[in-house]
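# Kindly return the folded structure for what I paste below:
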Amino acid sequence: MAARSANEIPVARRVAMTWVSVTLVAAVLAGLVGPLVLDQALAGAESETVFILMSVRLLHPALTGVCMAAIVVAVMSTASAQLLVASAALTGDLYRGLWRRASGSYCG
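Okay, the predicted model is just below:
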């Protein structure tokens, strides 16, 4: 997702900053309101499940499924990006370290 021209960058920046601000405020509110809605104190690793517990308790099952799918999508996207970076680094190191050096055209 690249800008077609430099003129689009200010609008893209405003959209991105608005979206980030909205999602961060929602995340903070979920963390603050979650224990009140759930009527229990969440501690340790259990506090990371506040979004899941709130969606199960407050939303229709179909919307809860969409929220759960969104969590899985976020995890898969992150894992995919990490694997892509790791494979690019590994293949780049192997290529530069082994094959390029053997051909004598390695420039450093």
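
# name the helices or strands packed onto the longest helix along the chain?
Assignment by DSSP state H gives helix 61-94 as the longest helix of the chain. Applying 3 or more Cβ pairs under 8 Å, 6 or more residues apart in numbering; DSSP states H and E, we find helix 61-94 packed against helix 50-58. In short, each C-beta sits where N, CA and C put it, glycine included.

# Flag every buried residue along the helix it packs on.
Using 16 or more other Cβ atoms under 10 Å as the test for burial, helix 50-58 gives 50-51, 53-55.

# And stretch 62-74, by the same measure?
So stretch 62-74, judged by 16+ other Cβ under 10 Å, has buried residues Thr64.

# quick check: mean pLDDT across that stretch?
Averaged across stretch 62-74, the pLDDT comes to 95.

# contacting residues around it?
Stretch 62-74 is contacted from outside by 51-52, 55-56, 59, using Cβ atoms under 8 Å, 6 or more residues apart in numbering.

# Check stretch 41-53 too.
30-31, 34-35, 38, 67-68, 71.

# For the residues you listed, give me a markdown table that also has distance to Thr18.
Output for the contacts of stretch 41-53, formatted as a markdown table (distance: Cβ to Cβ, whole Å):
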| residue | distance to Thr18 |
| --- | --- |
| Ala30 | 19 |
| Gly31 | 21 |
| Gly34 | 24 |
| Pro35 | 28 |
| Leu38 | 29 |
| Cys67 | 22 |
| Met68 | 26 |
| Ile71 | 23 |
